[in-house]
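S.K.: sequence and predicted structure are below.
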Amino acid sequence: MAALGLDLNQQDLIANGWDDIATSIHGEQMRVEADGRKPLQFVYLRTEPDKGKVRKGKSQTATTNITYDPVEDRPAGMTITKLPDPRELVEGDETYRYLEVGIIIGNQPDKYTPTGQPRDKKRESDRAARGPLRRDPTAMRVFIPETESVAPQARFYVGVRPVNGHLLPRVIPNTNIFFYQEFRHGFTAKMTLREQKRVVLTRIREQAARDKTGAAVNDDMGADDDDSELQPSKEGQPGPNFGHTLQSFCNYDENFSKEEAMHLVEAFGLADSTDDKNAMLRVLAIHDEICANGLGYLIPYKSARFFIRTCIRMLPIDRVESDTLPAIQLALGVLADFNKENANR
């Protein structure tokens, strides 16, 4: 890859950072306050030794599954840069190219992440009264890895602990991010927050892709899974549209239909001792709970099949409504342990 350079005289630089407003998917706003910021800026972040190797031709990069820890990773004692260090613009050993997409509050990422009901009149009134927040003193920059083609889901990383000018990526949920204004061009007051979120995340995935012609489908789901328990049953081998259906499940910004859920049930042989309809309802409940709690960032696309099968096995048929979230949390723990074991092999 050719080294990148930053021309401070480029006309597309944002001269007045005060008027540069970043917005969360919940509608909260924060002033970026970074005079000279370049929209759609690509930089190079670090990868970890023997991990994070990029598989050529794949739609996703295996950077890291380590989540951001505000205690361990927060910027106390380190210099917080509003603009890229010049060294970030040059490819180095064990680095990978990322697109900068926004900022988070470093010492309390979920400070303005709402809880409870999706719509709350008092919360919306308080947000409107606050207006755009000043840039938080601990604000840190957020990125998404460059992909070969448009990835089926967006996974975001905050840059921490720079070494030789290159930040180390840590996973962060999209609910904590204030996204830059370049991904909100053309928005109107009539658009719902859900519509805005869908467009923003789609635009980001497209801008991060070298080939922007369409969404990518992983053709060898589970190729890294050595355990036969992770493979679909012989009766439920994936059909020709299986990749698109799994991709739809992993798009946590859109509704997942009953037809798509039934397709996964049939492809994975998920019914087991119950009927297909009950299995389909469990798949829908799992997808809804992931969306409601913003947990999609913890489920890499290549591991989605393993996760769904594990979660289904842990979810009692007669207690779907009350036990879906606990089953998801247990399955996430199993997935994390499985990934850790694979990484150590």
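M.R.: Looks like it came in fine.

S.K.: what are the buried residues along the longest helix anywhere in the chain?
M.R.: The longest helix of the chain (DSSP state H) is helix 320-343. Buried residues in helix 320-343, counting neighbours by 16 or more other CB atoms under 10 Å, are found at 320, 323-325, 327-328, 330-332, 335, 338-339. For glycine as for every other residue, the C-beta is placed from the backbone atoms N, C-alpha and C.

S.K.: where in the stretch 51-200 of the chain is pLDDT low?
M.R.: 51-63, 75-79, 115-120 (pLDDT under 70).

S.K.: quick one: the helices in it?
M.R.: Taking DSSP state H, counting those that start in this stretch as the test, the helices found in the stretch 51-200 of the chain are 70-73, 121-130, 193-207.

S.K.: tell me what the longest one is packed against?
M.R.: The reference is to helix 193-207. Under the contact criterion of 3 or more CB pairs under 8 Å, 6 or more residues apart in numbering; DSSP states H and E, helix 193-207 touches strand 95-105, strand 147-150.

S.K.: on that earlier part again, which other residues reach the longest helix of the chain?
M.R.: With contacts defined as CB atoms under 8 Å, 6 or more residues apart in numbering, helix 320-343 is touched by 51, 65, 224, 226, 281-282, 285-286, 288-290, 293, 295, 298-299, 303, 306-307, 310-311, 314-316.

S.K.: mean confidence for it?
M.R.: Averaging pLDDT along helix 320-343 gives 76.

S.K.: who touches the spatially most central residue of the chain in this structure?
M.R.: By CA atoms, centre = their mean, the chain has its centre lying nearest to residue 155, at 2.4 Å. Residues near residue 155 by CB under 8 Å, 6+ apart: 60, 144-145, 171, 297, 300.

S.K.: domains of this protein?
M.R.: Taking automatic domain parsing as the reference, the chain has its domains at 19-215, 228-343.

S.K.: quick one: closest of those to residue 12.
M.R.: Between residue 12 and the domains of the chain, the tightest spacing by CB to CB is seen for domain 19-215, at 6.2 Å.

S.K.: centre of the chain versus the closest one, how much separation?
M.R.: Distance, stretch centre to chain centre, for domain 19-215: 9 Å (CA atoms, centre = their mean, to the nearest Å).

S.K.: just to revisit the earlier point, please convert the buried residues of helix 320-343 to CSV, extending it with distance to residue 260.
M.R.: Formatted as CSV, the buried residues of helix 320-343 follow (distance: CB to CB, whole Å):
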residue, distance to residue 260
320, 18
323, 23
324, 18
325, 21
327, 20
328, 18
330, 24
331, 20
332, 22
335, 21
338, 25
339, 26
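
S.K.: just name the closest of the residues you listed to residue 89, please.
M.R.: Using CB to CB, the buried residues of helix 320-343 come closest to residue 89 at residue 339, 31.3 Å.

S.K.: residues contacting the nearest residue to residue 252 once chain neighbours are set aside?
M.R.: Counting by CB to CB, 6 or more residues apart in numbering, residue 296 is the residue found nearest to residue 252 once chain neighbours are left out, at 3.7 Å. By CB under 8 Å, 6+ apart, residue 296 lies in contact with 153, 250, 252, 290.

S.K.: wait, isn't residue 144 in contact with residue 153?
M.R.: No. Contact criterion CB atoms under 8 Å: residue 144 and residue 153 do not qualify, at 10.5 Å.

S.K.: which residues are in contact with both of the two?
M.R.: Counting by CB under 8 Å, 6+ apart, the residues touching both residue 144 and residue 153 are residue 205.

S.K.: ok, back up a step: among the buried residues of helix 320-343, pick out the one closest to residue 131, please.
M.R.: Nearest member of those to residue 131, counting by CB to CB, is residue 325, at 34.4 Å.

S.K.: ok, back up a step: show the buried residues in the contacts of helix 320-343.
M.R.: Buried among the contacts of helix 320-343 (16+ other CB under 10 Å): 65, 281-282, 285-286, 289-290, 295, 298-299, 303, 306-307, 310-311, 314-315.
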